[in-house]
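**Q** coords please:
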Amino acid sequence: MADKLVHAIADMREEEALALTKELLSAGTPPTQILDDCRAAMEVVGQRFEQGQYFIPELILAGEMLKAISAEVKPYIKHEAQAKKLGKVVLGTVKGDIHDIGKDIVGFMLDVNGFEVYDLGIDVAPEAFVAKVREVQPQVVALSGFLTLSYDSMKETVQALQAAGLRDKVKVMVGGGTVDQQVCAYAGADAFGADAMAAVTLAKQWTR
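**A** All right, here's what the predicted structure looks like:
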C-alpha cells in the first residue's frame, strides 16, 4: 500500500493519496514511513518537473497534497513522540520573491524531522529576518528564492544579520530555483540546500 501512496502523490491523484494516508494510519503504519513515502513521491515529482513532464501547476498541487497529508499525519507524530526539538529554524522567501512551494516543503520537512520552524512567509524584508532572529534566537536561518533577483535580497539579508551583530550566532542556508554554490558564496551564506532533504541534513549537522 505504501508504494501505492508514492504513485498516487506522484501521479497527482489527490483524493486517492489522502484516502491511502488515512488507511495507512488506521492500519498502524508509522507516520515516519508515510513521510518517507511523501519524500519519495516528491523526488519523482521533481524529476518529472526537470524532464518537462510536469510544470508549475503540478508543483503547486503536489505542495497542496503534502499540506493535506501532513495535517493527517502530524497528530500521530505528536502522539508518537513529544520529543525534544532539535533546534529552531527561521525560514522565509526573501524580499521581491513570492514563490512559496519550495519553502513550504522545506518547512514541512524540517517540522516533521523535529525542528521548531518559524515561517515568515514570502517577500520577507531583511529587517523582518533580523527581528525574528533576535526574538527567537534560532540556530539556523533558511533563505528561499526562486528568481535570480532574489540573490541580491539573500545577500542583503545576510548583511543585515551581520550589521545587527547576529551573523556569527546563526548558520545561514539558501535554496530554491537555480541556487547553487556560487549563489551561496555571493550571498555570504554557510551552505545551500539542493532540496528539502538536503536542508534537513544541513540543519541536523548544524544543531548537533
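
**Q** I'd like to know how many residues surround residue 198.
**A** Residue 198: 16 surrounding residues under other C-beta atoms under 10 Å. Where C-beta positions appear, they are placed from N, C-alpha and C, glycine not excepted.

**Q** which SS class is the residue nearest to residue 98 when sequence neighbours are not counted?
**A** Leaving out its chain neighbours, the residue that sits closest to residue 98 by C-beta to C-beta, 6 or more residues apart in numbering is residue 122, at 4.7 Å. Following DSSP: H, G, I helix; E, B strand; the rest coil, we place residue 122 in the coil state.

**Q** what's the pLDDT at residue 122?
**A** Residue 122 carries a pLDDT value of 94.

**Q** for burial, what's the neighbour tally of residue 6?
**A** 20.

**Q** so which helix or strand takes in it?
**A** Element membership for residue 6 (DSSP states H and E) is helix 2-10.

**Q** that helix: which residues count as buried?
**A** 5, 6, 7, 8, 9, 10 (16 or more other C-beta atoms under 10 Å).

**Q** show me what that helix packs onto, helices and strands only.
**A** Packing partners of helix 2-10 (3 or more C-beta pairs under 8 Å, 6 or more residues apart in numbering; DSSP states H and E): helix 14-26, helix 31-50, helix 56-80.

**Q** dump those helices into TSV; add mean neighbour count, distance to residue 97 and mean pLDDT as well.
**A** Output for the helices and strands packed on helix 2-10, formatted as TSV (neighbours: other C-beta atoms under 10 Å; distance: least, C-beta to C-beta, whole Å; pLDDT from 0 to 100):
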stretch	mean neighbour count	distance to residue 97	mean pLDDT
helix 14-26	17	27	97
helix 31-50	18	18	83
helix 56-80	16	14	82
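
**Q** TSV for these, including distance to residue 199?
**A** Output for those, formatted as TSV (distance: least, C-beta to C-beta, whole Å):
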stretch	distance to residue 199
helix 14-26	23
helix 31-50	12
helix 56-80	15
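
**Q** domains for this structure, by residue range?
**A** 2-80, 87-206 (automatic domain parsing).
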